[in-house]
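In: how would this look folded up:
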Amino acid sequence: MKRAPLSLKAQALALLARREHSRAELRTKLLAHAHKRAAHAAAAATAPASDWGSGWEVDPFGESTAGAPSGDSAHALEPDPDALAAEVDEVLDWLQAQRYQSDERFIESRLNNRAPRLGLSRIRQELSRHGVELDSETVRTLRQNEVQRAREVWRKRFGQAPADLRERARQMRFLAARGFSGEVVRQVLGGGDEAPD
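Out: Numbers count the residues shown, from 1 in each chain. Below is the predicted model:
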């Protein structure tokens, strides 16, 4: 018989030990884990006596004795989605109360990792997929140094001004794909004083 899946708290702590998670992202993963646990419990309840016990609970004539699941109790073990969601939310509240999970810490971690290589729009897009948003102060800070960050990304990738229009278009697409605005891209690849070193 397969080993029972981890408890919701244990699974959450295992996920958070690997990396920071937003509450929304962790909720999605824990709901999937809760369904897996419920399916495992239902399978254990409907398993033949030889699968769920050590053998001493079954008499020699094939009749199950104390503790064997019946068909009715197995049917009653179908997971209630609302109950699973409530259980997951309770675990998430506990994690936040213990400071094991924090959306602010998740955002900070993502910014430290992604901001040096991405523009504001791409950062916002990635964070929204995780169910979190940047505060206005962080947005202002990212906007202030966006040209500098774009120049650094451009230098690491290309290092020299485009030789022709085709190469210029390629470099512009590269920066735009990383979430830098059109205005920032023009400043990095513009002419005159704004031209890259």
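In: How many residues are close by Ala42?
Out: Residues lying near Ala42 (other Cβ atoms under 10 Å) number 17. Quick note: C-beta positions are derived from backbone N, CA and C, even for glycine.
In: quick thing: my sequence starts at 303, can you match it?
Out: Got it, first residue is 303 now, which makes that one Ala344.
In: So for the protein, the centremost residue is which one?
Out: Closest residue to the average C-alpha location of the chain: Glu327 at 4.3 Å, with Cα atoms, centre = their mean.
In: Does anything pack onto the strand or helix carrying it? Which helices or strands?
Out: Taking DSSP states H and E as the definition, Glu327 sits inside helix 325-348. Packing partners of helix 325-348 (3 or more Cβ pairs under 8 Å, 6 or more residues apart in numbering; DSSP states H and E): helix 310-320, helix 373-378, helix 383-399.
In: Could you point out which of those helices sits nearest Asn414?
Out: Each of the helices and strands packed on helix 325-348 has some distance to Asn414 by Cβ to Cβ; the shortest is helix 310-320, at 16.5 Å.
In: Could you pull out the buried residues of the closest one?
Out: Leu310, Gln313, Ala314, Leu315, Leu317, Leu318 (16 or more other Cβ atoms under 10 Å).
In: Lovely, talk soon.
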